[in-house]
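Enquirer: Build me a model:
(one chain, ligands or ions: 1)
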Amino acid sequence: GPRHPQVVVLFGATGDLSRRKLLPGLYHLASAGFLPDCRIVGVSLDELDLAAFRALARQALADFASRPVLDDDWERFAARLDYVPLSGGAPALRHAVDTAEAALGEESRRLHYLSVPPSAALPAVRLLGEAGLVERSRIVMEKPFGTDLTSAVRLNHELHQVFAEEQIFRIDHFLGKEPAQNILAFRFANGLFEPIWNRNFIDHVQIDVPETLGLGQRAAFYEQTGAYRDMVVTHLFQILAFMAMEPPTSLEPVPISEEKNKVFRSMLPVNPEHVVRGQYLGYREEPGVDPESETETFIALKCYIDNWRWAGVPFFLRTGKRLAEGQRIISIAFREPPKSMFPPGSGVGAQGPDHLTFDLADASKMSLSFYGKRPGPGMRLDKLSLQFAMRDTGLLGEVLEAYERLILDAMRGDGTLFTTAEGIERLWQVSTPLLEAPPPVRLYQAGSWGPKSIHQLIAPHAWRLPF
Ligand code: BG6
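Expert: Next up, the predicted model:
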């Protein structure tokens, strides 16, 4: 864990992410002994007093903590909380941080966590500057970082007026998921897979993250954001980079970022003709949603990494709200063998190509599916599967949730699993054709797999899900 006591200044402290992940995550880190000592100063537009903020935090733990909340641990955690409404401006914020630091001693460090929508990021950064809360500080910026190329460049520029690049941690929590890091282990710790990890052996790749969740209380955020900015330009492209990157010279932040950025540089701009935007029926009737909203709650697209390893291999990405199942998979489809000696009707190929699949659920899972002989007379083939689940190894022990892991990394100043200004700007650039000329949204039934045209998008292949 981090060596220094930490003051966490949590912007957006009453928001959805804070209640769902950040407050429960900080609670777990503190009560499981990962933090030397800490104080948490909640900040938001809501005019709450400390008692009301504590009550909100207690409710958040009741609703979302992944482990039982013990009374003693809660009392200790509650004593570490403070709250300032934004209306108090820089002086109130400064006062709250000074008070927290007086309790923690001179060695303490600050972690400013901006859990706010893109439009609120710059005002928060300026407030921190004005309050003189820049030294001994690191700042975590939530995604999406900007809303397009122009705003991301501007945000980076203005951010650098206040904070040095080493202080900035642009978070993408998918990179903190155990299975995401397992992609690197799998690819680079074994001799078996890397030789076939290229266009000669791989037919196409699917990164598929359907969600059953709807908007919850996030209409205001989501209306401005939509599925592409919320999930694709961030999480799905970051995962794509782990899948596609060249071996880094070492597992340090700079070499890893260099290789990821090379993937982003090689990406072809997203072609709007290769994109299906969808919206679930009923979205426009939800509170806080424009009755004529064109915001997409679903997106599927085909993209290409035009480099030596991947030229011509399509990557299909899909994600959306209120879909049939919640899944997070990466599926690699291998090319057909050069010649088939199995008679028609034997079953070969009938269940799609052979696949390697990563499941990004919190505990890693992987499976390799391939054709084998069905027992009995003749030569009939069936799809068989080799499965690996971390859960079955007994190694699960102290799994940290993605946010917990990344908060600790940021406190320690380790940027390995964070994104970079260059990478983000390049991803917005790649996205520009789509953002400038988005195809119209197509409606889909809640509980389905998205608009019908997703099948045309992927033809002659097929979506791997549902299994
Ligand atoms: C968040 C998005 O970043 O990721 C949400 O804003 C989405 O819309 C969530 O539901 C999915 O994360 P996870 O960890 O549940 O897969």
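
Enquirer: For the chain, what lies in contact range of the ligand?
Expert: Proximity of the chain to the ligand is confined to Glu211, Leu213, Asp230, Arg328 under the rule C-beta under 6 Å from any ligand atom. Every C-beta, even on glycine, is put in place using the N, C-alpha and C of the backbone.

Enquirer: Tabulate the residues you listed in JSON lines, adding columns for pLDDT.
Expert: Shown next, in JSON lines, are the residues of the chain next to the ligand (pLDDT from 0 to 100):
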{"residue": "Glu211", "pLDDT": "98"}
{"residue": "Leu213", "pLDDT": "93"}
{"residue": "Asp230", "pLDDT": "96"}
{"residue": "Arg328", "pLDDT": "96"}
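
Enquirer: are any of those buried, and which?
Expert: Buried positions within the residues of the chain next to the ligand, assessed by neighbour count (16 or more other C-beta atoms under 10 Å), are Glu211, Asp230, Arg328.

Enquirer: and Trp197, what is it in contact with?
Expert: Contact criterion C-beta atoms under 8 Å, 6 or more residues apart in numbering gives Arg187, Arg309 as the residues in contact with Trp197.

Enquirer: All further residue positions should be reported with the first residue as 17.
Expert: All right, first residue 17 from here; so that's Trp213.

Enquirer: measure it to Leu38 for me?
Expert: In this structure, Trp213 lies at 36 Å from Leu38, with C-beta to C-beta, to the nearest Å as the measure.

Enquirer: Likewise for Ala81?
Expert: Counting by C-beta to C-beta, the separation of Ala81 from Leu38 is 12 Å.

Enquirer: Where do the helices of the chain begin and end?
Expert: When secondary structure is read from DSSP state H, the chain shows helices at 32-33, 39-47, 66-80, 87-95, 105-120, 134-146, 165-178, 194-204, 235-243, 253-260, 269-282, 418-428, 437-452, 470-474.

Enquirer: closest to Lys399 out of these?
Expert: The stretch from the helices of the chain with the least distance to Lys399 (C-beta to C-beta) is helix 470-474; that distance is 18.9 Å.

Enquirer: okay, the closest one in CSV with CA atoms only?
Expert: In CSV, the C-alpha atoms belonging to helix 470-474 read as follows (Å, rounded to 0.1, in the frame of the first residue of the first chain):
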residue,chain,number,x,y,z
ILE,A,470,-26.0,-5.8,-35.9
HIS,A,471,-26.1,-9.1,-37.9
GLN,A,472,-25.4,-7.3,-41.2
LEU,A,473,-22.5,-5.5,-39.5
ILE,A,474,-20.8,-8.7,-38.6
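
Enquirer: Indicate the residue of the chain located nearest to the ligand.
Expert: With C-beta to the nearest ligand atom, the shortest gap between the chain and the ligand falls at Asp246, namely 4.7 Å.

Enquirer: Was I right to think that residue contacts Pro134?
Expert: No - under the contact definition of C-beta atoms under 8 Å, Asp246 does not touch Pro134, with a separation of 11.0 Å.

Enquirer: how close does the residue nearest the centre of the chain sit to Phe331?
Expert: Closest residue to the average C-alpha location of the chain: Phe190 at 3.2 Å, with C-alpha atoms, centre = their mean. With distances taken as C-beta to C-beta, Phe190 is found 16 Å from Phe331.

Enquirer: Just the pLDDT for the residue lying closest to Ser469 once chain neighbours are set aside.
Expert: By the measure of C-beta to C-beta, 6 or more residues apart in numbering, the closest residue to Ser469 outside its immediate chain neighbours is Val292, 5.0 Å from it. The pLDDT attached to Val292 in the predicted structure is 98.

Enquirer: For this protein, give me the ranges with low pLDDT.
Expert: Counting by pLDDT under 70, the low-confidence segments of the chain come to 412-413.

Enquirer: which one in it is furthest away from the centre?
Expert: The outermost residue of the chain, judged by C-alpha distance from the chain's mean C-alpha position using C-alpha atoms, centre = their mean, is Pro393 at 48.9 Å.

Enquirer: what ranges do the strands span in the stretch 267-416 of the chain?
Expert: In chain order, the stretch 267-416 of the chain shows strands spanning 291-296, 314-320, 330-336, 345-350, 371-375, 381-389, 397-405, with DSSP state E, counting those that start in this stretch as the criterion.
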